[in-house]
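> Based on what follows, work out the 3D shape:
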Amino acid sequence: FSVLSSTCPLSHLAVSYHIFSVLLLLLSFRIFSFFLFSLLFFFFGFFFLMLRLPPISTLSSSSAASDVYKRQINTSAVKEGNIPFVVVNTTGWDRTGVVEMELETDRMYFSEAPLAEVIARMHEKKLPEYRVLDKDGREIPAVVTEIANHFNYDLPKDKFRQPYIAKRVKITMEAADVPAFGWDTYVLAEAAGHQSAEHASAECINTVESLITAENTLENEFLKAHFEPDGSVELTDKKTDHVYRGLGIFEDCGDIGNEYIFFAPVNDVPVTTKGTKAEITVAEDNACRAVVSVKHTMMLPDAADETLAGEIEDLVEFKHRKASRGSHLVPFEIVTEYTLEKHGKALKVKTTFNNQIKDHRLRVLFETGLHTDFHYADSVFEVAKRPNVPADTCLLYTSDAADEEDSVDLGGCRINKKKKREKETLVY
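From the prediction side, this is the model:
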């Protein structure tokens with residue numbers, strides 16, 4: 001620049017003008033690029049969100065999957081006053097089974113009257129008898145019972161939430177041969193000649209063939225379950241005539257191990273329900289299924305004796321603990337419901353209890369009659385093969401053995417591998 005300036009007095013201005021032009025051109029290009037990038041980002045971001053966000057349902061907050069189903073289901077042929085509903089099979093095979101659902105049959109919005117009046121009028125409103133129809137209009141066995149009113153609201157697209165009080169019914173029915181990844185449509189319809197949904201339930205129970213074929217006995221075309229006085233089950237497979245006896249016996253024993261490892265006190269005697277008196281009642285019997293409730297009351301120590309607290313404080317290894325179960329006994333109630341469905345191929349079992357007892361292990365026993373040295377157990381990403389008689393050195397609840405370069409994790413008992421393999425050290 002110094003050479004040009006010596007021969008041309010205006011060279012400084014010319015060079016500055018060119019530099020300014022180049023900078024202005026670059027700045028304009030940057031602004032245009034930023035604007036174009038922002039526009040494209042906004043457009044594709046908005047388009048992506050439109051694809052990802054499910055549409056807002058005017059009936060309830062729903063998922064994108066349910067909206068896909070709703071767009072494919074045509075209920076225009078359903079008569080006014082009837083309520084269509086859908087049973088969806090999310091598995092990859094056809095299914096038959098008992099389903100339960102709750103449906104709103106009527107509603108009154110808060111905008112229609114003062115709140116106290118809305119609540120009172122919905123309490124006074126009587127429901128008719130209902131029946132359930134399949135997609136071809138045929139009536140199917142079902143139990144329809146009225147349940148408590150509840151609060152809910154709509155979410156319109158152009159308004160704030162619209163709260164209301166709704167009348168509801170609970171439907172128990174069998175959905176037969178629902179296709180894999182498919183659905184079947186049903187209709188809740190009013191039935192003339194009766195007064196209430198409660199009468200419908202009673203009539204259904206009294207007119208269908210019961211699955212209770214004898215005292216303390218459930219039976220369908222596949223299975224027969226008989227309940228012994230101690231609450232155990234004798235289960236017969238009617239296809240093979242094989243009989244399994246002594247199923248469902250509860251066993252409780254002390255546990256003075258840690259959070260990973262079970263360890264029973266020395267000379268501990270387990271307490272079982274075998275041979276005791278159980279309370280057996282019929283909890284449900286209708287067109288779809290029968291349910292028997294079995295209640296056990298076991299008298300168990302409320303905790304281990306005081307020795308255990310001292311051994312834990314002194315970090316005594318669980319294998320060397322001398323604690324035993326305490327002497328103060330408290331009642332421990334176990335309620336088990338056994339359900340057999342009309343076309344069910346399994347006896348469903350649900351057990352509930354309120355555990356307020358410490359330092360114990362409760363388990364349920366199912367005698368198979370098989371004699372083998374090992375068994376296979378489902379675990380995380382594996383089917384583990386385990387011996388039926390655990391090792392004496394380490395009794396574990398878990399099969400997760402994460403083998404690392406220098407150690408093997410055995411669920412609380414870690415065996416460190418010395419490189420020279422001269423010895424192994426247990427670290428807890």
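
> Tell me what the residue positioned nearest the centre of the chain is bridged to.
Centroid-nearest residue in the chain, with C-alpha atoms, centre = their mean: residue 350, separated by 12.9 Å. Assessed by DSSP bridges, residue 350 has beta-bridge partners residue 337.

> That one reaches residue 334, doesn't it?
No. In this structure, residue 350 is not within contact of residue 334 by C-beta atoms under 8 Å, at 11.4 Å. For glycine as for every other residue, the C-beta is placed from the backbone atoms N, C-alpha and C.

> on that earlier part again, what sits against the residue nearest to the centre of the chain?
336, 337, 339 (C-beta atoms under 8 Å, 6 or more residues apart in numbering).

> Same check on residue 304?
Going by C-beta under 8 Å, 6+ apart, the list of residues near residue 304 reads 254, 256, 265, 323, 324, 325, 326, 358, 359.

> For residue 270, the count of nearby residues, please.
13 (other C-beta atoms under 10 Å).

> returning to what we had before: neighbour-wise, give me the winner out of the contacts of residue 304.
residue 254 (28 neighbours).

> Let me know the pLDDT of residue 91.
Looking at residue 91, its pLDDT is 92.

> Oops, could you answer that again for residue 52 instead?
44.

> so where's the stretch 101-250 of the chain shaky on pLDDT?
The stretch 101-250 of the chain contains residues with pLDDT under 70 at 193-208.

> all strands for it, in order.
130-133, 139-140, 142-154, 162-178, 183-190, 212-214, 217-219, 223-227, 233-237, 242-254 (DSSP state E, counting those that start in this stretch).

> Quick one, which of those gets closest to residue 119.
strand 162-178 (6.0 Å; C-beta to C-beta).

> Okay, now the sheet partners of the closest one, with direction.
Sheet partners by DSSP bridges: for strand 162-178, these are strand 95-109 (antiparallel), strand 142-154 (antiparallel).

> OK, contacts around residue 274?
230, 232, 246, 249.

> try 6 Å this time
Counting by C-beta atoms under 6 Å, 6 or more residues apart in numbering, residue 274 touches 230, 249.

> now swap in the one 5 residues further on and tell me
Applying C-beta under 6 Å, 6+ apart, one finds that residue 279 lies in contact with residue 295.

> 8 Å instead, please
Residue 279 neighbours (C-beta under 8 Å, 6+ apart): 294, 295, 296, 297.

> Leaving out sequence neighbours, find the closest residue to residue 329.
Closest residue to residue 329 apart from its sequence neighbours, by C-beta to C-beta, 6 or more residues apart in numbering: residue 299 at 4.6 Å.
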